[in-house]
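> A structural model of the following input is requested.
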Amino acid sequence: MGWIIAGIAVIVLFVVYLFFVLPAGADEDKFAPFQGLMAAHRGLYEKDQSVTENSLEAFRRAAEKGYGVELDVQLSKDGAVVVFHDDTVDRMTTEKGRVDSFTLEELQAMPLMGTEHRIPLFTDVMAVLDGKSPTIVELKSTPNYKELCEKTLAILRTLKGPYCVESFDPHIVRWFYRNAPDIMRGQLTESFGHWRKGGAKLWQAILMHTLCANFLTHPQFIAYGRGPRPLCWFLGKLTGCAHVFWTEHPDSDHETLAKQYDCRIFEHYRPETRYEK
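From the prediction side, this is the model:
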């Protein structure tokens, strides 16, 4: 009798687990432009940053070569949606401070890595791409995430060409689920070990690695980084969830990644623009 109760308990716990982690299925038509796509990470930039990441030139080059692109958006102090990856300008400029502590005018006065390149507006980047490159738009985590989501969505609604959104922040993914369910959305994450190395608290690392917020966010694709994949990654195949890999480098196992992932984000080399899984 005891083993029967234990078995039932295990089944119930597994069903509860599935409720929390199973993602939504990807819409085949909407995901089609991204299927087998190689997306240039922050544009087709140079490793030495002579053409800097997330610059207009990097995105222009990606479009000309036929790649998709991945880019990062956040807010300036005065509420402009700019394309920039880091929370601070420290690494890419000679200034110090958070991106959202500078106005757009101040940000665009900063040379990126000592070059002629500047931090661009999201609208300027999308004008350069002109619908030619399927675009993965990552929204950076911020206390003002609702403002960032609203302004990013308003811009997206004016665009032509395929695009989707993603974020590490489940609040942002859920915002798009509730307010723009027609736009394909993805949850960014990586392994437990990498979350911990990055300074995440234990509970945060567990939550993000296991994707236990999926019941709130209903992501249609999972963008997964380095390290061992969790069980929920494999279970996602049951719902038709798509899988995106970040970030592929010259020394990555390209053949294996091509078999495992539906779309791959790359940098520092020049692969074929598309592949077959």
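
> what ranges do the strands span in this protein?
Under the criterion DSSP state E, strands of the chain are mapped to 37-41, 68-75, 81-83, 135-139, 163-167, 185-189, 221-224, 242-248, 263-266.

> what's in contact with stretch 239-246?
By Cβ atoms under 8 Å, 6 or more residues apart in numbering, the residues outside stretch 239-246 that reach it are 22-26, 28, 31, 34-35, 41, 70, 136, 166, 186, 188, 219-225, 233, 236, 257, 260-265. From N, CA and C alone the C-beta is placed, and that goes for glycine too.

> closest to T52 out of the strands of the chain?
Closest approach to T52 among the strands of the chain is made by strand 81-83 (11.2 Å; Cβ to Cβ).

> would you turn the strands of the chain into TSV with mean pLDDT and mean neighbour count?
Conversion of these to TSV gives the following (pLDDT from 0 to 100; neighbours: other Cβ atoms under 10 Å):
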stretch	mean pLDDT	mean neighbour count
strand 37-41	98	25
strand 68-75	98	24
strand 81-83	98	23
strand 135-139	98	26
strand 163-167	98	25
strand 185-189	97	26
strand 221-224	97	26
strand 242-248	98	22
strand 263-266	98	25
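
> Take these and write them to TSV, including distance to G114.
What follows is the strands of the chain, written out as TSV (distance: least, Cβ to Cβ, whole Å):
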stretch	distance to G114
strand 37-41	21
strand 68-75	21
strand 81-83	19
strand 135-139	25
strand 163-167	30
strand 185-189	30
strand 221-224	31
strand 242-248	24
strand 263-266	25
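
> Point out the one among those strands that comes closest to T115.
The nearest among the strands of the chain, by Cβ to Cβ, is strand 81-83 at 15.5 Å.

> Let me see the contact set for S133.
59, 62-63, 66-69, 161.

> hmm, try it at 7 Å
By Cβ atoms under 7 Å, 6 or more residues apart in numbering, S133 lies in contact with 62-63, 67-69.

> Equivalent analysis for G97, please.
Contact partners of G97, counting by Cβ under 7 Å, 6+ apart, are 88-89.

> Relative to E106, how far out is it?
From G97 across to E106, the span is 10 Å (Cβ to Cβ, to the nearest Å).

> Equivalent analysis for G114, please.
Relative to E106, G114 is positioned 17 Å away (Cβ to Cβ).

> Looking at these two, which one has more neighbours?
Between G114 and E106, E106 has the larger neighbour count (other Cβ atoms under 10 Å), namely 16 against 12.

> Check the burial of E105 by counting its neighbours.
Residue crowding around E105 was assessed by other Cβ under 10 Å; the count is 11.

> ok, it to E95 distance?
Counting by Cβ to Cβ - E105 and E95 are separated by 13 Å.

> And for Q74?
Counting by Cβ to Cβ, the gap from Q74 to E95 is 16 Å.

> same question, G225
Distance, G225 to E95, using Cβ to Cβ: 28 Å.

> ok, now W233?
Separation of W233 from E95 (Cβ to Cβ): 39 Å.

> What of D27?
D27 is 42 Å from E95, by Cβ to Cβ.

> just F122 next, same as before
Here the criterion is Cβ to Cβ. By it, F122 lies 21 Å from E95.

> Please apply the same query to R226.
The gap separating R226 from E95 is 30 Å, by Cβ to Cβ.

> Those two - which one has more neighbours?
Set R226 next to E95 and count neighbours by other Cβ under 10 Å: E95 wins out with 15 against 12.

> Now for the closest residue to that one other than its chain neighbours: which residues touch it?
For E95, ignoring the flanking residues on the chain, the nearest one in space by Cβ to Cβ, 6 or more residues apart in numbering is V89 at 5.0 Å. Shown in contact with V89 (Cβ under 7 Å, 6+ apart): 95, 97, 99, 110.
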